[in-house]
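Colleague: give me a model of this one.
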Amino acid sequence: VLAAILNITKIKNELKRILGSTYKDVLQADFIQVDAEMLAQPPAKIRRDITISFLKGRRKVLVIVIEAKSVKLNNPKAICKQLSMYFDDKYFPKDKDISQLGITLTKYNQILNCEFVGITWSEIISILHNVLNKNKNDREYELLEEYFKFITKVDKSMKYYEKEVLSISAGSTFDLIKEYHIHACPNTSRYSYKDAL
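Modeller: Next up, the predicted model:
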């Protein structure tokens, strides 16, 4: 799946531009680490959705950050500013001097005036479909098949991600949540939420 994502023309072209002559060597990494919800260096409250690190001989050689965004992108400049923080050395010092690529994942194609590549959920769904078709009945792909069914069957147009995820703001309790790993919310009319799927 990752190889197919990296083979999307706009991603492939940007990686070739960033990596130059080391392009093929970097993509044949010894180890690929995928992190979800990676937090920035404290006290910053910045969180990357998905971080993919490529390591060659115990040395990080490439970092790709994928940020899933809502359909309603009213201010592309604000998004560029947000995404650029994901590559700022003061927030993520372990990625200093490493080749980096930022990718936005949205429902529709977006034109961003910054150095990030935009892909769509439709492209991801197509990749998953193709991988699953090539590996029918292979038990190693059961989890991928579950994920594929999940993102294609909910509300038939992926509105789940835009409308029905229960997300309760941490607000001023963010530091307590980080310290104790518990996020609680009062059960009062002021905090009344629709049941999540």
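Colleague: which residues of the protein fall in helices?
Modeller: Ranges of helices in the chain, per DSSP state H, are 2-6, 9-19, 23-27, 76-85, 121-134, 142-153, 160-163, 174-180.
Colleague: give me the neighbour count for Arg17.
Modeller: Neighbour count for Arg17, taken as other CB atoms under 10 Å: 11. Where C-beta positions appear, they are placed from N, C-alpha and C, glycine not excepted.
Colleague: with Ile66 instead?
Modeller: Residues within reach of Ile66, counting by other CB under 10 Å, total 20.
Colleague: equivalent analysis for Phe92, please.
Modeller: Using other CB under 10 Å, Phe92 is surrounded by 23 other residues.
Colleague: same thing with the one 4 residues further on?
Modeller: Burial of Lys96, expressed as a neighbour count using other CB under 10 Å, amounts to 11.
Colleague: what mean pLDDT does stretch 55-63 get?
Modeller: The average of the pLDDT scores along stretch 55-63 is 90.
Colleague: same question, stretch 117-129
Modeller: 87.
Colleague: what residues sit buried inside it?
Modeller: For stretch 117-129, burial by neighbour count (16 or more other CB atoms under 10 Å) applies to 117-121, 123-124, 127-128.
Colleague: equivalent analysis for stretch 46-57, please.
Modeller: Applying 16+ other CB under 10 Å to stretch 46-57 flags 48-54, 56 as buried.
Colleague: any idea which of those is closest to Leu19?
Modeller: Of all the buried residues of stretch 46-57, Phe54 has the smallest distance to Leu19: 10.0 Å, by CB to CB.
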